[in-house]
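Trainee: Quick one: sequence and predicted model below, then my questions.
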Amino acid sequence: MSLRIWADDTIAEATGRHRRHDPVGPVTGGPAGNARLTAWLGALLLALFLAELVTLLAVEDLLSWHIVIGVLLVPPALAKTATTGWRIVRYYTGQPAYRRSGPPPMPLRVLGPLVVLSTLAVLGTGLALIAVGPDAGRASLLVVLGYRISALTLHQGTFIVWATVTGLHTLGRAVPALRILSGPTAERPLPGRWQRGGLVLITVLVAVLTAVLVLNASDAWLTTDLHRHHPPRETTIGP
């Protein structure tokens, strides 16, 4: 298949001109239920992703928010990876309903693993930074072409990669996901509504709990930045 055909298929799906047919299965909804759950998780991730980008406008002043939102991203990112991975496994192991639904266009299939790997990389380096603290996080790990590489540098670099591939993925999947969430479910009622709602709710609760715990463990970063921008005033004795 030529690159032009791949590009045409991708644009057709991204703009909604072509829509994959997701069969409805029993209990959990099958491919249609999987697509709806993935779309809800994607919408949650998009909102958090945009909020995290806002914190970059003044990351030193919004560091606590940057940390909290970054941690909030972890559970839904893992959950969406799981739902997408389940669909991939069912498709390539020959499950009839998922085979009838078909795969996404090739460029999106190639982009998918890059999104997963970069997501794990940026979240992993972010959590590692919180664990090691500001001194070790800013310490040089190695020198490449005259540039010192630290854990903070790795986090910043993986964030750029993640933002790029996630942005492209969002452009390709936003319209289909919106149609899934706002349009009619399928040719018959979609089972598994409560299961999907429960999974999304559990994901949100785990995200909030994790964010609270990690924020409490990130005092070293917050204290260091607070002192750097607002140094304690010198006290004087006498008039």
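Mentor: Perfect, I can see it now.
Trainee: secondary structure element for Leu117?
Mentor: helix 106-138 (DSSP states H and E).
Trainee: One more: Arg148?
Mentor: Residue-wise, Arg148 maps onto strand 147-150 under DSSP H and E.
Trainee: tell me what that strand is packed against?
Mentor: With contacts taken as 3 or more C-beta pairs under 8 Å, 6 or more residues apart in numbering; DSSP states H and E, strand 147-150 sits against strand 140-144. C-beta: built from backbone N, CA, C; applies to glycine.
Trainee: Just the residues contacting the strand it packs on, thanks.
Mentor: For strand 140-144, the external contacting residues (C-beta atoms under 8 Å, 6 or more residues apart in numbering) are 148-151, 154.
Trainee: which one of those residues sits closest to Gly102?
Mentor: Checking the contacts of strand 140-144 against Gly102 with C-beta to C-beta, the nearest one is Leu154 at 37.6 Å.
Trainee: hang on, the closest one packs against Thr125?
Mentor: Yes - between Leu154 and Thr125 there is a contact under C-beta atoms under 8 Å: 5.1 Å.
Trainee: any weak-confidence spans in the protein?
Mentor: Along the chain, segments meeting pLDDT under 70 span 1, 183-188, 224-239.
Trainee: In space, what's closest to the spatially most central residue of the chain - neighbours in sequence excluded?
Mentor: Geometric centre of the chain, nearest residue: Ala77, 4.3 Å, by C-alpha atoms, centre = their mean. Closest residue in space to Ala77, ignoring its immediate chain neighbours: Thr119 at 5.1 Å, by C-beta to C-beta, 6 or more residues apart in numbering.
Trainee: need the contact list for the one you found.
Mentor: Residues near Thr119 by C-beta under 8 Å, 6+ apart: 77, 81, 162, 166.
Trainee: what's the helix or strand for the last one?
Mentor: This points to Thr166. Per DSSP H and E: helix 151-182 holds Thr166.
Trainee: Work out the gap between the helix or strand that comes right after that helix and the centre of the chain.
Mentor: Downstream of helix 151-182, the first helix or strand assigned by DSSP H and E is helix 193-216. Helix 193-216 sits 14 Å away from the centroid of its parent chain (C-alpha atoms, centre = their mean, to the nearest Å).
Trainee: other SSEs contacting helix 193-216?
Mentor: Looks like helix 193-216 contacts helix 30-55, helix 63-92 (3+ C-beta pairs under 8 Å, 6+ apart).
Trainee: how about these in a markdown table, adding distance to Thr158?
Mentor: Putting those into a markdown table (distance: least, C-beta to C-beta, whole Å) gives the following:
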| stretch | distance to Thr158 |
| --- | --- |
| helix 30-55 | 13 |
| helix 63-92 | 12 |
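Trainee: Which one, of those helices, ends up nearest to Val115?
Mentor: helix 63-92 (8.7 Å).
Trainee: circling back to that earlier point, which one, of the helices and strands packed on helix 193-216, ends up nearest to Gly198?
Mentor: Closest approach to Gly198 among those (C-beta to C-beta): helix 30-55, 10.5 Å.
Trainee: What residues of the closest one count as buried?
Mentor: 30-45, 48-49, 52, 55 (16 or more other C-beta atoms under 10 Å).
Trainee: Alright, that wraps it up for me.
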